[in-house]
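>>> coordinates only, no sequence provided:
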């Protein structure tokens, strides 16, 4: 299982106080079957704790997820700033998920290197 954090997510995580360890914990929960919301098209919404807050009071992440293979953190938002994605946002993330679904492991690793994605050590 590989997990990647793109640069934009890294920036948002830093601003919201979401640590890499919180992202790793989110992936561990998902792998054990604890998915907060399945959005379809290999997209999930998962709670992520921030700073000293519990996951339920923390942030939400939109993650491209293929069980046992790969997780790519796409979007992060705090629960108090917005409840959910808009229909337009969801459609855009669905398109992105379709593109990610077609990528090989080698291509994902290349993106990690060339685009500044961080690979989490799970």
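Yes, it's here. Because the structure is a prediction, the values reported are computed rather than measured.
>>> ok, and what's touching the longest helix along the chain?
Taking DSSP state H as the criterion, the chain has its longest helix at helix 87-101. With Cβ atoms under 8 Å, 6 or more residues apart in numbering as the test, helix 87-101 has contacts from 39-43, 62, 64, 66, 72, 74-75, 85, 108. Any C-beta I mention is one placed from the backbone N, CA and C, and that applies to glycine too.
>>> in that helix, which residues are buried?
90, 93, 96, 97, 100 (16 or more other Cβ atoms under 10 Å).
>>> any chance of those in a markdown table, plus pLDDT?
Below are these laid out as a markdown table (pLDDT from 0 to 100):
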| residue | pLDDT |
| --- | --- |
| 90 | 94 |
| 93 | 96 |
| 96 | 95 |
| 97 | 96 |
| 100 | 94 |
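>>> and the residues you listed as JSON lines, adding distance to residue 22?
Shown next, in JSON lines, are the buried residues of helix 87-101 (distance: Cβ to Cβ, whole Å):
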{"residue": "90", "distance to residue 22": "23"}
{"residue": "93", "distance to residue 22": "21"}
{"residue": "96", "distance to residue 22": "22"}
{"residue": "97", "distance to residue 22": "22"}
{"residue": "100", "distance to residue 22": "22"}
